[in-house]
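>>> Okay, here's the prediction I keep looking at, along with the sequence it came from:
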Amino acid sequence: MKPVLLSLLVACSTACAQPAAPVAVEGAWARSAIPQQGSTGAYMTLVAREPLTLVGAETPAAGIVEIHEMRMEGDVMKMRAADTLPLAPGKPLELKPGGFHFMLMDLQTVFKAGSQIRMTLNFVDAKGTPKKVAVSVPVAAAAPARR
Ligand SMILES: [Cu+2]
């Protein structure tokens, strides 16, 4: 009896991991970059299922990942680093060109259109417990068409 139960639990911890993710990630993409380019951006829409705060991200494809925000100040587009981004449950947070984005710097790979990079998004929940969400991010020259 016991071994069967155990194997079911193991099967569930892998197969059931996806629906239990604390946040849904939609439309993720990273902008393709030429090899000499030092940085690029990654974009996606995050829909939290519980109150969460985005505190950062990491990827083997880049040495540094920062949360940035582009905003118009008068006539000037300015980019600044945001340490954290709060997410309200069910309210989509869009990271997109010209707004919030992940800035990937110290690129460790060629960001070639059609390839994929792996990112891990780091959140904390309302109790301060860290939550990690793995995302595979397609590399493209422009945002994918919306479905
Ligand atoms: Cu940036």
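Structure's in. What do you need?
>>> Just give me the neighbour total for V23.
A total of 19 residues lie near V23 under the criterion other Cβ atoms under 10 Å. For every residue, glycine as well, the C-beta is placed using N, CA and C.
>>> With adjacent residues omitted, what lies nearest to it?
A48 (4.7 Å; Cβ to Cβ, 6 or more residues apart in numbering).
>>> check contacts around the residue nearest the centre of the chain.
Nearest to the mean C-alpha position of the chain, by Cα atoms, centre = their mean, lies L121 at 5.0 Å. By Cβ atoms under 8 Å, 6 or more residues apart in numbering, the residues touching L121 are V23, V25, L46, L54, A57, K132, V133, A134, V135.
>>> cool, and A141?
A141 neighbours (Cβ under 8 Å, 6+ apart): R31, S32, A113.
>>> could the residues you listed be laid out in a markdown table, adding secondary structure and distance to P92?
Converted to a markdown table, the contacts of A141 look like this (DSSP: H, G, I helix; E, B strand; the rest coil; distance: Cβ to Cβ, whole Å):
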| residue | secondary structure | distance to P92 |
| --- | --- | --- |
| R31 | strand | 20 |
| S32 | coil | 25 |
| A113 | coil | 26 |
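>>> Mind listing what's buried along the one helix or strand the residue nearest to the centre of the chain maps to?
Mapping L121 onto the secondary structure by DSSP states H and E places it in strand 116-125. Across strand 116-125, burial judged by 16 or more other Cβ atoms under 10 Å covers I117, M119, L121, N122, F123.
>>> could you pull out the helices for the chain?
2-15 (DSSP state H).
>>> pLDDT below threshold where in it?
1-20, 147 (pLDDT under 70).
>>> residues from it in reach of the ion?
Counting by Cβ under 5 Å from the ion, the chain comes close to the ion at H68, M79, M103.
>>> so what's the nearest residue to F100 once chain neighbours are set aside up against?
Leaving aside its sequence neighbours, F100 sits nearest to E69 (Cβ to Cβ, 6+ apart; 5.2 Å). For E69, the contacting residues are M79, R80, A81, A82, G99, F100, H101, by Cβ under 8 Å, 6+ apart.
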